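could you look at this predicted model? Sequence included:
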Amino acid sequence: MTMSTENTKGRTAMTPAELAKRLPNLEVLELLGSGGMGVVYKGRQPLLDRLVAIKVIRPELDTDSTFQERFLREGRALAKLRHPFIVTVFDIQQAEDLYCLVMEYVEGASLRQLLHAGDGSITERRTLDYVPQITDALQHAHEAGVVHRDIKPENILVDNRGRIRLVDFGLATLFGPTAPPRAPDDDRVAGTLRYMAPEQISMPNSVDHRADIYATGVVFYEMLSHEVPGPDRVPPSSRAGTDPRIDPIVMRAIEKDRNLRYQEARLMHLDVNKLARTPETSLRIDQYIPAPPEQVFAAWVVPTQMADWYAPTDDFAPTIGQVDPQVGGTYRITMYPPGAAEPHVLSGQYCKFDAPRTLSFTWAHEPLKPGWTETQVTVDFQPSGDGTNLVLTHERFRSEPERRDHANGWRGCLGRLSHKFGG
């Protein structure tokens with residue numbers, strides 16, 4: 001996503017060289033683009049050898065204290081959130097009167113760019129892959145008391161692995177019993193008109209998380225039909241011939257009365273997943289483990305225990321697990337197949353970490369195999385007598401060989417896990 005230097009209201013965004021002089025601890029490589037409040041550059045942290053996105057306030061706004069405060073609030077809101085489907089903020093820096101956010105660099109395109117590409121990349125199947133990631137990210141943000149207020153295709157990035165990132169929390173506000181007093185800026189009409197819930201216009205001082213659910217419904221509709229819903233509220237299947245089973249989900253999300261919408265993003269997530277998890281794109285394995293959920297859960301996240309079972313067959317060498325066991329934390333699994341010159345390496349991030357009930361994480365090979373994308377695994381640990389009924393769901397496959405290969409691998413792993421506990 002490379003754009004030319006932009007001139008706005010007579011003031012020109014800094015060139016990468018000019019910005020680099022203000023931020024000597026960062027390399028500034030190129031200008032990526034600009035949004036309503038900020039200009040974004042591609043950069044690099046040389047000491048960490050890490051690519052980053054650098055966001056600064058638009059030049060015509062950098063002396064406006066209101067926009068400076070909103071910019072800082074964006075950084076603080078993102079700092080509250082750590083999730084695979086939300087862009088990560090690494091740092092907020094200040095150089096005299098210049099503030100900048102140093103964030104995760106996402107190699108990919110915005111959903112808007114993909115919609116405009118006209119190459120058919122946003123199919124119904126891809127839509128059913130992307131929407132659960134959006135709702136998963138929103139549920140995490142809402143549980144942290146953060147409302148985005150500007151969900152739209154421009155603020156949804158899709159990386160080269162097929163993973164979603166929510167970006168641009170510049171209009172975010174906090175809600176809930178522990179939220180600080182509302183700033184004056186929280187009570188003004190804010191958002192992008194075509195994606196704004198009615199209450200964002202009629203009563204902006206009482207906007208809550210359900211406005212994000214409305215906007216997600218509009219984006220869902222647009223991905224299916226390539227247009228936003230009109231005043232007649234015609235279901236997307238009538239516009240684009242999509243699966244009519246999707247219609248009730250979309251239409252409930254875009255109810256004008258927020259009390260009639262999904263009241264939580266997770267509820268919308270559950271309904272979408274019922275349609276997204278098909279025999280062609282997902283697998284489910286049930287395995288009884290003769291140990292209580294607490295012990296079985298630990299076997300998934302304690303490296304010394306993972307070494308005993310986290311490989312398809314007994315002739316693998318002991319697996320090496322590296323884990324940061326928390327939402328947004330990373331893991332890396334290294335398996336050593338018999339006779340292979342190189343190990344099999346898998347990695348990802350935790351999406352949900354609810355011990356000892358549920359574990360969910362992204363899953364991808366290193367390096368990613370040609371034609372494969374990142375997938376997602378969810379493991380539920382259900383008490384069953386003195387043991388655990390483990391339910392593993394692996395989803396978002398785009399090829400049958402990939403799905404079949406993983407099904408065989410997981411059956412072997414779970415059989416070894418059961419054996420570890422005496423099964």
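Thanks, I have the structure now.

going forward, measure contacts between C-alpha atoms and count neighbours the same way
Noted.

where does the chain dip in pLDDT?
1-11, 36, 61-64, 177-186 (pLDDT under 70).

mind doing that once more with 50?
Scanning the chain for pLDDT under 50 picks out the ranges 1-10.

most centrally placed residue in it?
Residue closest to the average C-alpha location in the chain (C-alpha atoms, centre = their mean): residue 85, at 1.3 Å.

contact partners for the nearest residue to it once chain neighbours are set aside?
By the measure of C-alpha to C-alpha, 6 or more residues apart in numbering, the closest residue to residue 85 outside its immediate chain neighbours is residue 165, 4.5 Å from it. By C-alpha atoms under 8 Å, 6 or more residues apart in numbering, the contact set of residue 165 is 84, 85, 86, 87, 134, 156, 157, 158, 159.

secondary structure element for residue 165?
Applying DSSP states H and E as the criterion places residue 165 in strand 164-166.

cool, residue 56 as well?
Counting by DSSP H and E, residue 56 is found in strand 50-57.

following element in sequence after that strand, please.
Criterion used, DSSP H and E; the element after strand 50-57 is helix 65-79.

give me the contacts around the following helix or strand past that next one.
Later in the chain than helix 65-79, the nearest helix or strand by DSSP H and E is strand 89-95. Residues outside strand 89-95 that contact it (C-alpha under 8 Å, 6+ apart): 22, 23, 75, 78, 79, 99, 100, 101, 102, 103, 104.

just list whatever residues bridge to residue 173.
Judged by DSSP bridges, the bridge partners of residue 173 are residue 147.

residues near it, how many?
Neighbour count of residue 173, defined by other C-alpha atoms under 10 Å: 24.

same question, the one 3 residues further on
Summarising burial for residue 176: neighbours were counted as other C-alpha under 10 Å, giving 13.

shouldn't it be within a strand?
No: counting by DSSP: H, G, I helix; E, B strand; the rest coil, one finds residue 176 to be coil, located in no strand.

how about the nearest residue to it, chain neighbours excluded?
residue 145 (5.8 Å).

relative to residue 132, how far out is the one you found?
20 Å (C-alpha to C-alpha, to the nearest Å).

next one: residue 174
23 Å.

ok, now residue 67?
Distance from residue 67 to residue 132, by C-alpha to C-alpha: 32 Å.

for residue 245, same thing?
For residue 245 relative to residue 132 (C-alpha to C-alpha), the value is 16 Å.

which residues sit against the strand holding residue 56?
37-45, 67-68, 71, 98-106.

for stretch 370-387, the distance to its chain's centre please.
The chain centre lies 18 Å from the centre of stretch 370-387; the measure is C-alpha atoms, centre = their mean, to the nearest Å.

how about it: buried residues?
For stretch 370-387, the neighbour count (16 or more other C-alpha atoms under 10 Å) marks 373, 374, 375, 376, 377, 378, 379, 380, 381, 382, 383, 387 as buried.

neighbour-wise, which of residue 174 and residue 132 wins?
With neighbours defined as other C-alpha under 10 Å, residue 174 and residue 132 compare such that residue 174 has more, 24 against 21.

in the stretch 251-400 of the chain, which spans are strands?
In the stretch 251-400 of the chain, the segments counted as strands under DSSP state E, counting those that start in this stretch are 282-289, 317-323, 330-336, 344-354, 358-366, 375-384, 387-395.

circling back: run me through the strand neighbours of the strand holding residue 56, direction for each.
Checking strand 50-57 against DSSP bridges gives partners strand 38-45 (antiparallel), strand 98-104 (antiparallel).

okay, the ones you listed in CSV with distance to residue 257 and mean neighbour count next?
Listed next are the strands paired with strand 50-57 as CSV, based on distance: least, C-alpha to C-alpha, whole Å; neighbours: other C-alpha atoms under 10 Å:
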stretch, distance to residue 257, mean neighbour count
strand 38-45, 33, 22
strand 98-104, 36, 21
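
okay, those strands in TSV with distance to residue 393 next?
Listed next are these as TSV, based on distance: least, C-alpha to C-alpha, whole Å:
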stretch	distance to residue 393
strand 38-45	36
strand 98-104	29
